[in-house]
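K.L.:
Got a predicted structure plus its sequence, pasted below:
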Amino acid sequence: MPSLPPAELLEGTDLPSQYEDWAVKLCWLFVHCPLVDYPSIGEFFGQNNEDSIHCFGVFCAQFDYSGMDIDKALRYLLQSFLVPKESQQIDRVVKIFAHMYYVRNVGRGSARSLSNASAGGSEGADGASGSGAAKTNSLVSAFNGPDAAFTMCFSILLLNSDQHNKQVKKRMEKADFIRNNRGVNEGEDFDL
């Protein structure tokens, strides 16, 4: 059974405060049974009812996001089901994921930056610091609250859609992304 985050971290989130046995078993099937229809999993999770929301919270808890950058954690999760097509369903799924990501990573590190480059240090393609010092995982500690993680997560999805949709004529640039996320970190800007 996945572990529950501390109760004080669950306040202000849409995460379940306890995991019901049926949801744990169903999520285990979703993760381990190749016969379950991949798109149907996303449609179930995106439904606006207590069972779907509870079950997706349990599903998200089965993955270990601790220490991961939010974009990598999101990619890791989205390999296990097809994101629903409707924007309200996507919103529900992303919100629960972002809140779980936040509670699993709150208090890790002290950096307030979304940039992986450390001041004065050079990093290789694998993210290892050229100085040999321990790398600060800055994406993990950049969020002032669970809703800031949710907003950044949704922004990452929008950026991804913008970059890979052939119908988009003018692609979003870094300045556009920064402007779109101004003030959404609990009233502060992300250090992009």
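P.N.:
Nice, thanks for sending it over.

K.L.:
Quick check: which ranges of the protein have low pLDDT?
P.N.:
Residues of the chain meeting the criterion pLDDT under 70: 1, 107-141, 192.

K.L.:
Could you check how far the spatially closest residue to Phe56 that is not a sequence neighbour is from Asn181?
P.N.:
Across the structure, with C-beta to C-beta, 6 or more residues apart in numbering as the measure, the residue nearest Phe56 apart from its sequence neighbours is Phe45 (4.2 Å). The C-beta positions use only the backbone N, C-alpha and C, and glycine is treated the same way. According to C-beta to C-beta, to the nearest Å, Phe45 and Asn181 sit 25 Å apart.

K.L.:
quick revisit: what strand or helix carries the residue nearest to Phe56?
P.N.:
Take DSSP states H and E as the rule and Phe45 turns out to sit in helix 38-46.

K.L.:
Identify all contacting residues around that helix.
P.N.:
30, 52, 55-56, 59, 80-84, 86, 88-90, 92-93 (C-beta atoms under 8 Å, 6 or more residues apart in numbering).

K.L.:
again, only using 6 Å
P.N.:
Taking C-beta atoms under 6 Å, 6 or more residues apart in numbering as the criterion, the residues outside helix 38-46 that touch it are 30, 52, 56, 81-84, 89, 92-93.

K.L.:
Following that helix in sequence, what is the next regular element?
P.N.:
Following the chain from helix 38-46 toward its C-terminal end, the next helix or strand by DSSP H and E is helix 50-61.

K.L.:
Just the buried positions in the next helix or strand after that next one, please.
P.N.:
Scanning the chain past helix 50-61 towards its C-terminal end, the next helix or strand to appear is helix 70-78 (assignment: DSSP H and E). For helix 70-78, the neighbour count (16 or more other C-beta atoms under 10 Å) marks 70-71, 73-74, 77 as buried.

K.L.:
give me the number of residues near Ser17?
P.N.:
Residues lying near Ser17 (other C-beta atoms under 10 Å) number 11.

K.L.:
In three-state terms, label it for me.
P.N.:
State at Ser17, reduced to three classes by DSSP: H, G, I helix; E, B strand; the rest coil: coil.

K.L.:
From Ala7, how far out is it?
P.N.:
As it turns out, when the distance is counted by C-beta to C-beta, Ser17 lies 7 Å from Ala7.

K.L.:
what's the burial count for Lys95?
P.N.:
As a burial measure, the neighbour count of Lys95 was computed by other C-beta under 10 Å and equals 22.

K.L.:
pretty sure Pro101 contacts Leu74?
P.N.:
Quick fix: residue 101 reads Tyr, not Pro. No: judged on C-beta atoms under 6 Å, Tyr101 makes no contact with Leu74 at a distance of 7.9 Å.

K.L.:
Next, count neighbours for Phe56.
P.N.:
Each residue near Phe56 was counted by other C-beta under 10 Å, and the total is 29.

K.L.:
Start at 9, not 1
P.N.:
I'll keep to 9 as the first residue from here, and by that count the last item is Phe64.

K.L.:
Understood, closing this out.
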